[in-house]
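Trainee: any chance you can model this:
(one chain, ligands or ions: 1)
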Amino acid sequence: MKISRYFRDQYQQVLDREPEMLTKARIRILAQAILAFIFLFSLMFIYSAVANWGTLIAVRLGIFLLLFISAFVLFLFKQPWTLAGHLFLACFTILIWSGALLSRQGVTLVTVQYTLLIITGGYYILGARWGLIYSLANLFPVIVLVITEYLFDYHFPTQQITTKPYAFVFVLVFNFVLLVFIHYHFFRAFRKTNKQEQLLKADLQAALAEAQELAAAKTNFLSTMSHELRTPLNAVIGMTNILAFENKQPEQKENLDILRFSAENLMAIINDILDFNKMDAGQIQLEKNDFKLDDLLKNVYGAFRSKAASKNVDFFYLPDPELLSLTVTGDQGRLTQILFNLVENALKYTPAGYVRLQARVGSKTQDQVRILFRVEDSGIGIPQDRQENIFDPFVQVLTKTSRQYHGTGLGLTIVSRLVALHGDVLTFASEEGQGTTFSFGLSFPIVHHKILPNAVSAPSEKTIDTLRVLIAEDNAINVLVLKKILKNWNILPDVAFNGQEAVEACQQKEYDVVLMDINMPVMDGFEAAKLIKEATPPGKMPVRIMAVTASVSAADEQLGGHRYLDDYMLKPFNPELLKEKLLILCQP
Ligand code: ADP
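Mentor: Residues are numbered from 1 along each chain as shown. Okay, here's the model as predicted:
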């Protein structure tokens, strides 16, 4: 009892070592096949002695019996179990070779059965490679015997064994049962594995759906939070701008500069998170507008010139003469964002020395141009061990350097993804203490017709203080900020606290421009803009409507090119930019 339990445990251990269903089935087939042949050969061995079949047969049966028992011992106690598989199949091979050569019947049905068994067992137990080797090894004697005996009628001189007919029939039936058993067993395991796989697939799909839901919830949460943060921060930046405008005392100006710097920094972080989030969700699409490349680069240069000067860093923009006349179609906003980020980083990580912004024509055809952009600095460089995952947001976020320089660690990730969105790769070379160079190339279709000169620098005919402005905004602080900004230009605006009120105000009074918030109670800005524009009598110039929103996504997706909106500004805005836009918008 104890011994059988011991063997069963041992057998279980061999099974437990293999995690896969199909491998377990192969182990079971091997064990049961060995046991079946131990049983068959024990019976035949005893019977050969009793029935007096002759010494040669008894010795042959005895040897194979011992070999099968050894295979079983090997199976239970020696790893890997495939060793026992080889011994078992090797026994079979010897059995077939010796049987074929010694038996007086030559190639019998039993030989064919053994061959089939070894082919089946070879593949099922040891896999494709060994299956093929054992199959060929055992087909060979059968083929040789068939050719010599049946085609040439030649009989090997060593034929000495004649199997008794009843033993022959018994072995025949036994082998058939075994063949059926092996196939049945394997296919049952195969079906089970299939079922298990389907269950796993279903589990996996459920887990995937859950992960996607969680990711969507995370994206949503971050977008909402960022948006919520932007609104009060708008007010902070707006009020700081007003205070800076109104206070001329130097010590207050310094404090206000710090306040504005921090608030703008915070806003940049929030924008980074929003952008990153949108990229993660695959929501960013490139826009197409016509612009002059040189203007864009000059704007980037202009935006950072004073910052570079205040740090005593030499800042160069090296225009390519070929580029000066080029107007192209592309996403002006995203290209500016890419260059802004790279130049900002270059200045941030260069305590002294130089920063160089370069753009040159790489290749050009009649309709297409490839521009190679390069931002080079002589700053602190990026340590070798950080270079590998510099674009990976979760690895390099909040390292010592980024904390020391007030970074979010998301900028480069966003830039590299934006470049990738253009179908290109952002590359860099950097040496610690020597400097860093970021480069990328973008292709643009060339615009052959002339576009208007940069709208922002258009000369203004109407003066700002003559503008009649309506503010449509539900947030009292934002109203206050806007009113204060407008007051500096001697504009006294009217206020509507929702879209409905704005529509009514426009019916009662004439305005040059409506500064329209988008998210408002009662009626949103889109609906109000539509009603206001549609109510304009024919032949009369419609009131200009400028959307003013804190929602970046709304800006991207709906505002640009909206039918009833003439322009839009993102909150918080630079008062000077608002002024320029108002002047352009209100030109007759
Ligand atoms: P951060 O907001 O921290 O600047 P970025 O994603 O823009 O985030 O940059 C990631 C990190 O790459 C930075 O923290 C900095 O260590 C390094 N880095 C980026 N640009 C430069 C550069 N021009 N010179 C040196 N290090 C840089």
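
Trainee: quick one, phi psi at Gly353?
Mentor: Torsion angles at Gly353 (phi, psi; degrees, to the nearest 10) stand at phi 120, psi -130.

Trainee: got any ranges where this structure has weak pLDDT?
Mentor: For the chain, the stretches with pLDDT under 70 are 1, 100-109, 154-165, 167-168, 394-409, 449-462, 551-562, 587-588.

Trainee: could you measure the residue most central in space within the chain against Asp524, distance?
Mentor: The residue lying closest to the centre of the chain (C-alpha atoms, centre = their mean) is Asp280, at 8.4 Å. From Asp280 across to Asp524, the span is 27 Å (C-beta to C-beta, to the nearest Å). Glycine gets a C-beta too; all of them are placed from N, C-alpha and C.

Trainee: can you pull out the strands in the stretch 351-500 of the chain?
Mentor: 353-364, 368-377, 427-431, 435-445, 469-472, 494-496 (DSSP state E, counting those that start in this stretch).

Trainee: most tightly surrounded among those?
Mentor: Ranked by mean neighbour count, the strands of the stretch 351-500 of the chain are led by strand 469-472 with a mean of 25 (mean count of other C-beta atoms under 10 Å).

Trainee: which other helices and strands contact that strand?
Mentor: Contact partners of strand 469-472 among helices and strands, from 3 or more C-beta pairs under 8 Å, 6 or more residues apart in numbering; DSSP states H and E: helix 476-488, strand 494-496, helix 499-508, strand 513-517.

Trainee: I'd like the next helix or strand past the longest helix that the chain contains.
Mentor: The single longest helix within the chain, with elements called by DSSP state H, is helix 165-246. Scanning forward in sequence from helix 165-246 by DSSP states H and E, the next helix or strand is helix 250-280.

Trainee: now do that following helix: distance to the chain's middle.
Mentor: Distance of helix 250-280 from its chain centroid, counting by C-alpha atoms, centre = their mean, to the nearest Å, is 29 Å.

Trainee: stretch 358-377 too?
Mentor: That offset, for stretch 358-377, works out to 29 Å (C-alpha atoms, centre = their mean).

Trainee: so what's Met520 up against?
Mentor: Applying C-beta atoms under 8 Å, 6 or more residues apart in numbering to Met520 gives the contacts Ala472, Glu473, Asp474, Phe497, Asn498, Gly499, Ala528.

Trainee: over to it: give its phi and psi.
Mentor: phi -140, psi 150.

Trainee: distance-wise, check it relative to the ligand.
Mentor: As for Met520, its distance to the ligand is 34 Å (criterion: C-beta to the nearest ligand atom, to the nearest Å).

Trainee: name the residues of whichever strand or helix holds Cys91 that are buried.
Mentor: Element membership for Cys91 (DSSP H and E) is helix 82-102. Neighbour-count burial for helix 82-102, with 16 or more other C-beta atoms under 10 Å as criterion, is recorded at 82, 84-85, 87-89, 91-93, 95-102.

Trainee: same question, stretch 338-358
Mentor: So for stretch 338-358, counting by 16+ other C-beta under 10 Å, buried means 338-350, 354-358.

Trainee: before we move on, what about stretch 39-49?
Mentor: Leu40, Phe41, Leu43, Met44, Phe45, Tyr47, Ser48.
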